[in-house]
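J.: Turn this into a structure:
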Amino acid sequence: MDILLVASAFNSLSQRVYAELSDHGHHVDVVLAVHGPEAVRAAVAETNPELVFAPMLKTALPEDVWREHTCLIVHPGPPGDRGPSSLDWAIADQAPDWGVTVLQAEAALDAGDIWAAMPFPTAPVGKSDLYRNEASDAAVAAVLLAVRRYAEGSFKPLPQSDPSIRVVRRGFLRQERRRVDWENDSTATVLRKLSGADSQPGVLDELLGRELFLHGGHPEDQLRGRPGELLATRAGAVCRATRDGAVWIPELRPRKNSGDPAPFKRPAASVLGPTGLPEAAVPLELPPGRRTWTDIRYRQRGDVGFVTFSFPGGAMSTDHCRRLLAAYRHALTRPTPVLVLGGARDFFSNGIHLNVIEASDDPAAESWANLNAMDDLVEAVLHTTDRLVVAALGGNAAAGGVMLALAADEVWCRTGAVLNPHYRRMGLCGSEFWTYTLPRRTGTGTAERLTTEALPVSAATAHGLGLVDRLVPVPAGEFTAEVDRMAAGLADAPDLARRIDAKAAARARDESVRPLADHRRAELARMHDIFFDPAAPYHALRSAFVRKLPGACARPLSPAGAPLTGGTR
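T.: This next block holds a predicted model:
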């Protein structure tokens, strides 16, 4: 079937819907609504789709389009829910379950006939994590069901006037409702407000005399102070006291038009600048009973070591990479024949941290430092020959994050994840030893196609291409426990010692053919030329991506399937 996706951004859900529909044999094209209604009309005229889907749309479809074609909207709310802040309200109202509805476009917002609906549990996580996982799983199931019903031709969509549908109209969840009352709100209330706005729009607040948006929140079990007081920093986050505890806030964002030259999200401590706050360090291996936030942890279970990490948006700054490398080296001191890298739900890694780079005094120099730190980490994984290393992807990965995973001996991937194994859309040719790891898994021809086409692939397609060794078909909330079980099985395998010996021998053979240092040198030489060329497209694409300029936060496809202008990672 010929299907056209109309999206405000080619975001995680749009990419997953694109990949899953493609896996089911449909021909899928994408057009970005931010290019205006004429661009949508032109795409519809050229592709003449049987179905138009809007997996993520902030503006209305042109009326002539939805009147002349079957246009289905993916709404992140249960049947009868109407309004633009659906997931936000679900978290604010502590709804135990929520849903995704596929409905037909019409003049009234979210009021069209229902083609499919899927429920999902509202896991106790941030909104963006919930959106990329439980909501995304439900959305894909609903989309595929709607497509099947359309193809059957006999299905009659359910009108929202049906007595079984309870219509609930909600407006925007505005900052007045989100604002934290530090004197009176409990820690649980503060965390709920922060988690309901973790990626967007954030919670507007005042810190050190500045209006800033707070992004993300995690509980702290020991530090205490006056409500609203800043207590400490840790790994770029800041800890702030509540009336009955404290919370960690990983990222801050200055208001636009505030005079700050970098009005976008980045590590909280870097936004605040020098504060004199103490660094409240914690060990990699947290003692039993601790309930505090840290973005990198090590734990050991039997013969398996686990280095888990979780960085906002999957972006890894120079500091993130260096600290993760230190944790990895710590893990190597333990006598475990199996080491798992990752294993948490949601993002694995999206590579270098474009926001931190854009905010730096010298973006070229910071790009260079960040990439080298990423390369150091990947190189350490590739040089590990005394044990098997598993990369466990509970969520999406892109660019250098995919290549970090490919440095491992096995890649395990949750079936809901989407991979973007390319760099081209940011104007980069890539590093992280991709010229070694990608072709050895897929072959040279497929590696060239993946990096040139620069399209997202589903976990199932990645498995078929050789990028993924084992699919993990579990809900996001069960991923960590399933990885633990699989890793224990790998450690108990009778041929484990033989596999480790064979791995070491293969690495030695590959090194004799072309040393890893040569791959790194060649890749970095090209990247150095890009970073330090002020006219290179990378700088404009990075800035547009970070600052969310119209059309820059997503990469559309032309009606013919060829990439158009814009950038994403």
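J.: Can you pull out the low-pLDDT segments for this protein?
T.: 550-569 (pLDDT under 70).
J.: Find the centremost residue of it, please.
T.: F347 (4.4 Å; Cα atoms, centre = their mean).
J.: list the buried ones in stretch 134-143?
T.: Using 16 or more other Cβ atoms under 10 Å as the test for burial, stretch 134-143 gives 134-143. The way it works is simple: take the backbone N, C-alpha and C, and place the C-beta from them, glycine included.
J.: Which member of those is positioned nearest V381?
T.: Among the buried residues of stretch 134-143, S136 lies closest to V381 (Cβ to Cβ), at 28.1 Å.
J.: residue contacts, that closest one?
T.: S136 makes contacts with 12-13, 16, 416, as judged by Cβ atoms under 8 Å, 6 or more residues apart in numbering.
J.: hmm, which of these are the buried ones?
T.: 12-13, 16, 416.
J.: Mind checking which of the buried residues of stretch 134-143 are in strands?
T.: Judged by DSSP state E, strands contain none of these.
J.: can you give me the helices for the stretch 101-250 of the chain?
T.: Counting by DSSP state H, counting those that start in this stretch, the stretch 101-250 of the chain has helices at residues 127-130, 136-152, 175-178, 187-195.
J.: For P534, find the nearest of the ones you listed.
T.: The nearest among the helices of the stretch 101-250 of the chain, by Cβ to Cβ, is helix 127-130 at 33.4 Å.
J.: Of all the residues in that closest one, which ones are buried?
T.: 127-130.
J.: So what touches it?
T.: 87-88, 91, 122-123, 195-200, 345-346, 476.
J.: want to try CSV for those, with neighbour count and distance to I165 as columns?
T.: Converted to CSV, the contacts of helix 127-130 look like this (neighbours: other Cβ atoms under 10 Å; distance: Cβ to Cβ, whole Å):
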residue, neighbour count, distance to I165
L87, 20, 20
D88, 22, 22
I91, 24, 23
T122, 19, 20
A123, 15, 25
S195, 21, 29
G196, 23, 25
A197, 26, 28
D198, 26, 30
S199, 17, 30
Q200, 13, 29
R345, 21, 32
D346, 21, 32
A476, 23, 28
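J.: Looking at the residues you listed, which one is closest to A54?
T.: Nearest to A54 among the contacts of helix 127-130, with distances taken as Cβ to Cβ, is L87, at 16.6 Å.
J.: surely that closest one meets A95?
T.: No. Using Cβ atoms under 8 Å, L87 makes no contact with A95, being 9.7 Å away.
J.: who touches both of the two?
T.: With Cβ under 8 Å, 6+ apart, L87 and A95 have no common neighbours.
J.: before we move on, which element is L13 in?
T.: Following DSSP states H and E, one finds L13 within helix 12-23.
J.: what comes up buried for that helix?
T.: Buried residues in helix 12-23 (16+ other Cβ under 10 Å): 12-22.
J.: Turn the helices of the stretch 101-250 of the chain into JSON lines, including distance to V282.
T.: Formatted as JSON lines, the entries for the helices of the stretch 101-250 of the chain read as follows, by distance: least, Cβ to Cβ, whole Å:
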{"stretch": "helix 127-130", "distance to V282": "22"}
{"stretch": "helix 136-152", "distance to V282": "32"}
{"stretch": "helix 175-178", "distance to V282": "29"}
{"stretch": "helix 187-195", "distance to V282": "18"}
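J.: what's the nearest residue to the residue nearest to the centre of the chain if we skip its chain neighbours?
T.: Using Cβ to Cβ, 6 or more residues apart in numbering and skipping the chain neighbours, the partner closest in space to F347 is G314 (3.2 Å).
J.: isn't that neighbour right up against A397?
T.: Yes. Using Cβ under 8 Å, G314 is in contact with A397, at 7.2 Å.
J.: Which one's more surrounded, those two?
T.: It is A397, of G314 and A397, that has more neighbours when counted by other Cβ atoms under 10 Å, with 30 against 21.
J.: Was I right to think the more buried one contacts F347?
T.: Yes. Using Cβ under 8 Å, A397 is in contact with F347, at 7.3 Å.
J.: which residues do those two both contact?
T.: With Cβ under 8 Å, 6+ apart as the test, A397 and F347 both reach G314.
J.: which residue ranges form the strands in the stretch 451-569 of the chain?
T.: According to DSSP state E, counting those that start in this stretch, the stretch 451-569 of the chain carries its strands in the segments 457-458, 470-472.
J.: counting contacts, what elements does the last one pack onto?
T.: With contacts defined as 3 or more Cβ pairs under 8 Å, 6 or more residues apart in numbering; DSSP states H and E, strand 470-472 has these neighbours: strand 410-414, helix 459-465, helix 479-491.
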